[in-house]
Every structure is written in C-alpha cells, then in structure tokens.
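Student: Turn this into a model:
(chains A and B)
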There are 2 protein chains.
Amino acid sequence: MTLDAVLSRIDTDLDAATDRLRDLLRIPSISTDPAYKADCDRAADWLVEDLASLGATAEKRPTTGHPMVVGHIGDGGPHLLFYGHYDVQPVDPLELWDRDPFDPQVEDTPEGKVIRGRGACDDKGQLMTFIEACRAWIAENGQLPCRITFFLEGEEESGSPSLIPFMKENADELKTDIALICDTGLFDAKTPAIVTMLRGLLGEEVTITAATKDLHSGMYGGPAMNPIRVLSNIIAGLHDETGRITVPGFYDGVPELSDEMRAQWQGLNFDHAAFLGDVGLSVPAGEQDRTPLEMIWSRPTCEVNGIQGGYTGDGFKTVLPSKASAKISFRLVGQQDPHAIRESFRDYVSSQLPEDCEVEFHGHGASPAGQMEIDNPAFEAARKALSDEWPNPAAYIGCGGSIPIAGYFKTILDTDAMLIGFGKDDDQIHSPNEKYDLSSFHHGIRSWARILDALT
Amino acid sequence: MTLDAVLSRIDTDLDAATDRLRDLLRIPSISTDPAYKADCDRAADWLVEDLASLGATAEKRPTTGHPMVVGHIGDGGPHLLFYGHYDVQPVDPLELWDRDPFDPQVEDTPEGKVIRGRGACDDKGQLMTFIEACRAWIAENGQLPCRITFFLEGEEESGSPSLIPFMKENADELKTDIALICDTGLFDAKTPAIVTMLRGLLGEEVTITAATKDLHSGMYGGPAMNPIRVLSNIIAGLHDETGRITVPGFYDGVPELSDEMRAQWQGLNFDHAAFLGDVGLSVPAGEQDRTPLEMIWSRPTCEVNGIQGGYTGDGFKTVLPSKASAKISFRLVGQQDPHAIRESFRDYVSSQLPEDCEVEFHGHGASPAGQMEIDNPAFEAARKALSDEWPNPAAYIGCGGSIPIAGYFKTILDTDAMLIGFGKDDDQIHSPNEKYDLSSFHHGIRSWARILDALT
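Tutor: Below is the predicted model of the structure:
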C-alpha cells in the first residue's frame, strides 16, 4: 500500500530530514529587524532550491519587503496550497539562551529529543514537516497524488505587510481547493488538533512627548509633566478592576461562545493550573468571569508588549525624560473590527493627555479574527487522518495567536483554510531557547502524508 | 588695591583659563557607569596636578569607589573649604548632541559665547571658577589671603557612596570655618544667588517579575499577568488627582513655607511661563495648590526617571515580558526622613502586587533636605561681594536639586556651608548639549575673588 511505504520511508529518512531543517535554522531570518534583510533573502533562496530538488517549479517573488517563495508541483487530483513562513522572531534577550539561537542542535531532554534554535518550531520546523512529507511521497511513488502549490512567506513575524497585495495580485495562481497552514500546535502531546478559531491582532506604538528635551529632575521636578507618568496612567486605565478592557466599543462584535463549543472545550479537561504553573504563575489574570481556555481562545485582550522611557542603563540618572513610549497589542475575536478599535484606542489615549503632552501613534498590523468553515468535508477527512497517527483523536480547537492569512484565504481567494500544526506549549516560541520536539517533527511529517492520502 | 589687580588679571587670563577647562572637559569622567572608571581616575589626576601648580599640597585619596581629591594651600586668616565634583552625568541619548560631548568647544550663540560639552556647567566649569580665582590671586600677590582646603569629589552624580565615610574618617582635616560649594545656579542672568534651601533625594529601582520567562502573547495573552501593566498601575497610583503623592506618611516633616520667605520669593517675579515655555511646557504639573517656585524649591516630588520592559527595538514583538522595571526618585524637603519614605514606598509597592508577581528593590542614594544657617556673618559678606559683581543684588533662594554634601558639612563636621554657583537654567545639565556661558565662567571667577576678599 502506497501510504505505508511512504510512512516507512519517512521513518528511515528522519535523520536526513533533521539535517535539512538544521541548515534552514542556521539562517537568522529575523523579519522585524532591517539588519537581517539579507538573511531573510537567503532563507527564501534556500527554500527555492529545496523545492526545486523535489521537482517543483519554484521561485522567489519580490515584494516591497521580504520575498515570497512560490512553487508548483504535480497535476491531477485536487489542488492543495501549503502555507508556512520562513521568517523568525528576534532573539533578545540573548543572554537567556543556553546556546547560540542560530547554531541549532539536537538535544536529549527528559521528554525526548528536541531540536533547539530560533524558528525550530515557529515556523521553519513546522513548514518542513509538509515539505518532507512531499519528498518522501515523491521518493516512494515518483510523483505526488495531487497538484500542490507552496506559498511561503517571510514577513509573518512583522505583520505581513506584503501579504494581502501579493495574494490579490496573484489570486489566480494561489486559488486552490483548500489551503493547508502549518503554524499551530497540538492540543497536548497525545492529541492533535485542527484550529477552527483564531484571534486577530492589532498593534499600536504610542509615544508621549512632554517637554521638548530631557530635563533635570532637580530643576524641573514638580512643575514639569513626566511622560512616563502620563503613559502609566493611560496603560493603567486600559483595564477595569474585573480585567475588562475599557476602550470604548472594544467589545462590539465579540460573540458569546456557543453552548456546544463550551461543552466540547470542557471535555478537553484543560489543565490550566499546569499551563500557568509551567511558567511560574497560578492565577488567571484575564476577565474574571471567564475560564482560562476562553481567555486564550475566544476572548480579546490588550497587552503591553514593550515600554521604554528615560534612563534605563546601569546606576541612576535623575532625568525627567522628554518622551516615553509603549508597544501595545490587542488580540481580537469574532467580528471585532481592528480598524475601528485602532481609532477608538487612539481617541482614548488622546482624551487622556494632559494639556502639555503630545502623542504620536505608529500603527502595526491590523488583522481580524478568523473562523474556519468546518462544513468542508476536507476537515473531517483530515481529522480522521490525524486521529490515525496520534494516540488520541484529533480535536477542533481555538488558538490564541494570530495567523491572519487563514482569514485572507477566505476573503481574498474564497479558499477554505485548514490549520494543522504540531507545536507544543513548551516550545518557547518567541522566547529564549525555542525548540521543536523531534517527535513533533517526525509525526508531523507522517501526519501530512496521511492527510495527502486522505484528501486525494 | 589688591582686589582690583586680581580682577584685572582674571580678565586678562580668561582665554588661558578657558583652555584649562576644555582640557578637563575632554576627560569622560562618568561616575555612574563602571566602563568609565579609569577616566574618573584620570580627571582626579588632572586636578591634583592643577592644584599642585598653584603650590598646593594635593593628592588623590582612594575610596571604595572613585577617588577624592584633597589639597591644602595657604596659612593665616580664616580657614575655608571649597567643594566641587569632577564626575559628570552619562551622555545618552548621544544622537541628540550636536557635537561630541567630550570634545568641548567655545561656540558663539545669540546670547554670547558658551563652552559646550558634558560637565561644562555641572560641575567642572563651576569648580574651575574657584580654582581660577585662587590662581589669579596667587599670581598677583604671591599667596592667598587665607588658608584653603580643596575637596573635590568623583561620585556626586552616582549618589556619593564614599562621601560620608570619607568625611568622617578625615573630619579633622576637613573641618574649617566655612565651606564653599559651587554646584548651583544664578537666579537669573543678572541676579546671583546663595542657596539656603536644598531638596534631598531618594532613589529606588523597582523590578516586577510575573512569569518565569518571556511568553508569547498569542499563547498566554489573557490568563498571564503582564508585569508592565502591574508596574503601570503602581506608578499611576503614586499621585492623586491633585498631584499629591500617595505614599503613606510621605508628607511627614514637610514644613509650610514661612510668610516671610513666601513674600521674598514673590518679590523675585519668577517668570514661570518662560521657565516652562523654554522647554515646551505651559501648565505647572505638580501639586495644584502650589506656585511653580514652591513646587521646585520647597515641595517634595516623586518622579519616574526611567522605565523598561518587554521588546523595545524596531518593529513589533508580541511578547508578554517576564519582567518590567522602573527607576523612581523622590525629591525631599524639610525634615522628611528618606529612610522612612523608602520603607513606606516599598510597603506601598508590595501591597499593590497581584498574587503571581514578585518585586525586587534596589536602593540608590538617600539624602535628606538641607537648610543653611544664614545667621553666620559669612553669608551677608558673600551676598554683598556677589552684589558688587553682578547687575542685581544677590538673593537667598531655594534649589530643587540635591546637593547632599551641604547637609553633611553641618552634621558631620559642624561646618556651615554656603552654596554659590553661576549656572543658568538653559545650561542643559544632565541633558544633551550641556553648556556653560563664558560670562558665567568669567564673572564666576571674579565673584570668588571678591568673596575671598570679603571673607578675609
């Protein structure tokens, strides 16, 4: 049987597949920092070459930012698109890494082998699961069972500024029967998952200016407005005592969870004490009338991702700074409108400004939440294929993170998207010491082989 | 007449005196940053050599931090001590300087010539006014009219950790009839001043830790506590709506201004609109029932001098940081007890912490406010000498900054201290583009010659 032979080849080829992943992880393709522009380009080249080695017609396609990698292979059968991203998060604080984040190695841990390095999980390890499944299938059968378009992005960690224009301009090429996206996680080590609910993301950078220059707090301390104090007041006012966000109109379009979905989630027996305990926390800090799973999957948030003002070096400097700034993001759900919330947030901040202060806003990404169409029979087919590979049956779940592209496939290309990934909660994505379990990598590759078989 | 000859020599020698000051300014003696330790040492050596050139017995005296410079010269007449500090503030943000802060130059400005560079005013330019007055006096008369002890510190900008132990260990050597301190300003360009009221300073660094590591806001945003939010809430709570500081017991020991002093200050016709307008502000931001002069001279403050947490580089990173920290300082007046306020502040912060957060405190300097004894006849003698040099009569004023040593002369050595300086409000001390007017330097040197004459 074809599938068994492919799975067997995947098992045999795992070491070589791991070496290929390490090659890709060595490229520091940090998309948010302009200093790494050439490295992003290099990662795209690596992927073009790897896809070409499968027999795909692949090329690097320019954008105003980092390039897209687009490849096509196969014919006949359904037409599938696979999406992943080759860019990675910044690595600071570097001193908290146990190793060079761009010198990846396989390490033995009490929970099994892992490959450690920036991007090991998010998203280079994940995207390679699909490519390796294709490689094994072709090696075993000479060709794929269907037509596949690869669509690999290099700006996912910096708000995907080129994505919508590129999808619009290349709609005919990218429109397929279904899109497969590998950038999500397992529900737990034994339970694979298909994400059907994704939070959106809105990013805002706020800079408050008071005096025209830094002042000496001995000379001006008292009569001069301190922008850090102003910014702190604004941030403190973003939540009320129950954890609700105060920006006017913020909850417009936030749906209540259906009783059916709530019951299904309760059935997952999510261990929120362990989830928080793993990172040294114990008390769910969000809206106090919601469960932790709701807080992550179906409720919106407002977070300060960074704050800076005044003197932050060693020692002390009695400066009254001229400026203070914060990076603030909102996770969005349901029908929340990121553009309306951006305006309302800016109005709120402006309304809180003392007379002598000015504010400058810098908008980052704005993507709405996504809801997948599980009526498409591909969902049940994939769910069954995943259930065959893993100890527990696959679950339909929510995801707290933002993968804006899932929504764009629907709105721009009218293509349903299916989010399947093999990350684990302890993979430390966006943090120091990111890793990907070799078992995620191995069973991830096998999962895609089963899904290719099930969808064709 | 002796004094006239000295004043005339000061006028003639001004260019050479300016060159000597530039030599001293070239040494980047930033005391708060350990990277500049050797440069602090070099500045001390420069001063030892310069005092020796006057005929003083001068030496660098070790401390656990940066060295003290102590020199003695002259005999007969009263015994005066002169205090200044050779260390300077850090220079960041460096990009806001119009020139290398340690390559000082004389520049023509619409208001006259200035010497620009870090420390030009605070305090290298100021301390050299006294040394240059002595140099001119000696050059003209072969000797000084009295006995003088020079006492030059290298840790003033980093909380003077060695000062009290050194003064105690060397009390016999440093006890004099009066101490002269040159680290303050003119009241305005035409009005010299003797500072009789100084605010104290208390510094605290607060670090809040929530999770044990940085988290991904997609995965943990909602249930995980954000330490920037906690810190912002704490900072926002430090002032009430009227600008009063909320730390319990904070106002214990804050005296009401006497009617006499209030009347005298009103007579100065302080132009607070211009004072604030110079730095782009218009509304006094302190306690709303106080005048701006009171806010600066006789009321305590709480300021955030720096804040930092999460990702602050280019672009955006959806991180939920593990830690956030702030540098917070209090300006103190009257009998406020810095140690009691430190404890009360720490109790307040701890009481505001959510269950999952921890706080770490790092104490910086703690010095009480100072009140000078103007009954000492030296005060009136110096006031008259200053009035002879400048267009307007000299005033007794307050000072918003902290010069802890003024109080230590009284408490440790039982020596009255007199604070006379020639800085201007626009000297940009502690800020980019610090400068010292050549007229401050010139008339400052002349003022000290007149004061030496008046006190002997």
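
Student: can you list the domains in chain A?
Tutor: Domain assignment for chain A by automatic domain parsing gives A:2-198+A:369-455, A:200-256+A:284-367.

Student: Identify the residue of the stretch 301-450 of chain A closest to chain B, quick one.
Tutor: A:Gly401 (2.6 Å; CB to the nearest CB). No exception for glycine: its C-beta is placed from N, CA and C like everyone else's.

Student: Who's the closest spatial neighbour of A:Gly407, skipping the chain neighbours?
Tutor: For A:Gly407, ignoring the flanking residues on the chain, the nearest one in space by CB to CB, 6 or more residues apart in numbering or on different chains is A:Gly370 at 3.9 Å.

Student: what number of residues lie near the closest residue to chain B within the stretch 51-200 of chain A?
Tutor: Residue of the stretch 51-200 of chain A nearest chain B, by CB to the nearest CB: A:Ser158 (5.5 Å). Neighbourhood size, A:Ser158 [other CB atoms under 10 Å in any protein chain shown]: 25.

Student: Check the gap between A:Arg446 and B:Arg346 for me.
Tutor: Separation of A:Arg446 from B:Arg346 (CB to CB, to the nearest Å): 56 Å.

Student: ok, the helix or strand of chain A with the lowest mean pLDDT near chain B or not?
Tutor: Every helix and strand of chain A was ranked by mean pLDDT, DSSP states H and E. The lowest is helix A:259-267, at a mean of 80. No. Using CB under 8 Å from any CB of the partner chain, helix A:259-267 stays clear of chain B, with a minimum separation of 14.1 Å.

Student: Identify the residues contacting that helix?
Tutor: Residues outside helix A:259-267 that contact it (CB atoms under 8 Å, 6 or more residues apart in numbering or on different chains) are A:Leu257, A:Thr291, A:Leu293, A:Glu294, A:Trp297, A:Ser298, A:Ala395, A:Tyr396, A:Ile397, A:Gly398.

Student: Pick out the most distant pair among those residues.
Tutor: Across those, no pair lies farther apart than A:Thr291 and A:Tyr396, at 17.3 Å, counting by CB to CB.

Student: More neighbours: which of the two?
Tutor: A:Thr291 (20 against 17).

Student: rewinding a little: surely the residue nearest to A:Gly407 touches A:Met197?
Tutor: Yes. Judged on CB atoms under 8 Å, A:Gly370 makes contact with A:Met197 at a distance of 7.4 Å.

Student: With neighbour numbers in mind, choose between these two.
Tutor: A:Gly370 (26 against 21).

Student: Is that one bridged to anything, and to what?
Tutor: Under DSSP bridges, the beta-bridge partners of A:Gly370 are A:Leu198.

Student: Which residues are in contact with it?
Tutor: Here A:Gly370 is in contact with A:Met197, A:Leu198, A:Gly200, A:Ile403, A:Pro404, A:Ala406, A:Gly407, A:Lys410, A:Ala417 (CB under 8 Å, 6+ apart).

Student: what do you get for A:Ser162?
Tutor: Contacts of A:Ser162 (CB under 8 Å, 6+ apart): A:Thr63, A:Thr64, A:Gly65, A:His66, A:Met68, A:Glu155.

Student: nearest to A:Cys40, of these?
Tutor: A:His66 (4.3 Å).

Student: so what's that closest one up against?
Tutor: A:Ser29, A:Ser31, A:Lys37, A:Cys40, A:Asp41, A:Ala44, A:Asp87, A:Gly154, A:Glu155, A:Ser162.

Student: which phi and psi does the residue of the stretch 51-200 of chain A closest to chain B have?
Tutor: With angles defined as degrees, to the nearest 10, A:Ser158 sits at phi -130, psi 30.

Student: Kindly report the same for A:Pro354.
Tutor: phi -60, psi 160.

Student: is it true that it touches B:Ala285?
Tutor: Yes. A:Pro354 is within contact range of B:Ala285, at 7.0 Å (criterion: CB under 8 Å).
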